[in-house]
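In: requesting a structural model of the entry that follows:
(2 chains)
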Amino acid sequence: MPLDQSFVGRSYPPTRPYEVGREKIREFAEAVGDTNPVYTDVEAARAQGYPEVIAPPTFAFILTYQAADQVVNDPELGLDYSRVVHGDQKFVYSRPLRAGDRLTVTSHIDSIKSLAGNEVLAVRGEVYDEDGQHVVTGHTVLVARAPEGE
Amino acid sequence: MTVAARISYDEVEVGTELPGQQFPVTRAALVRYAGASGDFNPIHWNERVAKEVGLPDVIAHGMFTMAEAVRVVTDWTGDPGAVVEYGVRFTKPVVVPDDDKGATVEVSAKVAQKLDDRRVRVDLTVVSAGVRVLGMARAVVQLS
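Out: A predicted model of the protein is given here:
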């Protein structure tokens, strides 16, 4: 059954604050094999003009992906998550995430489209710091593939 | 925004190529990335589940490939904070066999457009096993 178009424009409550930790950044940078010292060495980060170590660009997905749970598990929306694949991802940054940040994410449904039996859902996650300043926006397109035989 | 990029806007032209890189993708790397990212979908580490849902084998997290690809940009600028926008489309999976070698992701990139405020658009080409695995892979980068 197609997703209800009336969900377009819906916003979800902000998530509880996520505190970005130095060791989490290190773990993530090592997992993607990135040895840039601005991720692990405070002095190297300061030399680049940052007050703390910063996170690799795609680290933000940890937060926006958790926040999107509210959308994909919204029983009223009724998305069949077993059929969902990640279609597109985009980030628009005001600044890099850094250790010590306490960040909240507010998720919004930007669009719902039906394409060849697939449901295409665009979710936007706005990430703000403790002072209410914008840090990054994550745009995630999820595609729920048509069930077999339809 | 801090601008510590070691590349000057004046040095680059449309068509300027960034140094390309190749990244290995092993099963072990995917397990490690699952833990670091919190994405424990079994299609990224369990061959049985991957095949049950119609995939040829375990596939890499799209976000892992996205993270590798942008290193061509961040290694070029030196300052990862110079990336002001970055987006991709996940067009084909990176299939990762259960051997010591795994798969390889090859990334090339070039300056596609010079924008205002000393920014450039960089277009990335990301290939594994001869197939483009990311589409519309683009970053907007603040140069000095």
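
In: where does the chain dip in pLDDT?
Out: Unless you meant another one, I'm taking chain A. A:1, A:148-150 (pLDDT under 70).

In: could you do chain B instead?
Out: Using pLDDT under 70, the flagged stretches of chain B are B:1-4.

In: kindly recompute the last result at 80.
Out: Within chain B, the segments meeting pLDDT under 80 span B:1-5.

In: for the closest residue to A:Pro37 other than its chain neighbours, grab phi and psi.
Out: Spatial nearest neighbour of A:Pro37, excluding adjacent residues (CB to CB, 6 or more residues apart in numbering or on different chains): A:Ala44 at 3.6 Å. In this view, the C-beta of every residue, glycine as well, is placed from N, C-alpha and C. With angles defined as degrees, to the nearest 10, A:Ala44 sits at phi -70, psi -40.

In: okay, now A:Ala44: neighbour count?
Out: Around A:Ala44 there are 15 other residues, counting by other CB atoms under 10 Å in any protein chain shown.

In: likewise for A:Gly21?
Out: 14.

In: next: A:Asp131.
Out: For A:Asp131, the neighbour count with other CB under 10 Å is 6.

In: need the residues of chain A near chain B, please.
Out: A:27-28, A:30-34, A:36, A:38-39, A:48-50, A:54, A:56-58, A:61-62, A:65-66, A:85-96, A:139 (CB under 8 Å from any CB of the partner chain).

In: now the buried members of those.
Out: In terms of neighbour count (16 or more other CB atoms under 10 Å in any protein chain shown), the buried residues within these are A:28, A:31-34, A:36, A:38-39, A:48, A:50, A:54, A:56-58, A:61-62, A:65-66, A:86-93, A:95-96, A:139.

In: circling back: doesn't A:Thr35 make contact with the residue nearest to A:Pro37?
Out: No - in terms of CB atoms under 8 Å, A:Ala44 does not count as a neighbour of A:Thr35; the distance is 10.9 Å.

In: out of the buried ones among the residues of chain A next to chain B, which sit inside helices?
Out: A:Phe28, A:Ala31, A:Phe61, A:Ile62, A:Tyr65, A:Gln66 (DSSP state H).

In: quick one, helices of chain B?
Out: B:27-37, B:47-52, B:62-69, B:71-77.

In: and the residue in chain A that chain B sits nearest to, bridged to which residues?
Out: The minimum distance from chain A to chain B, using CB to the nearest CB, falls at A:Lys90 (3.0 Å). On the basis of DSSP bridges, A:Lys90 is bridged to A:His139, B:Gly87.

In: give me the residue from chain B nearest chain A.
Out: As assessed by CB to the nearest CB, chain A sits closest to B:Gly87 within chain B, at 3.0 Å.

In: what about that residue, distance to B:Gly81?
Out: Applying CB to CB, to the nearest Å, the value for B:Gly87 to B:Gly81 is 17 Å.

In: what number of residues lie near residue 126?
Out: Since you didn't name a chain, this refers to chain A. There are 19 residues near A:Glu126, going by other CB under 10 Å.

In: meant chain B actually
Out: 25.

In: spatially central residue in chain A, please.
Out: A:Thr64 (2.2 Å; CA atoms, centre = their mean).

In: what number of residues lie near A:Gln133?
Out: If you count neighbours by other CB under 10 Å, A:Gln133 ends up with 9.
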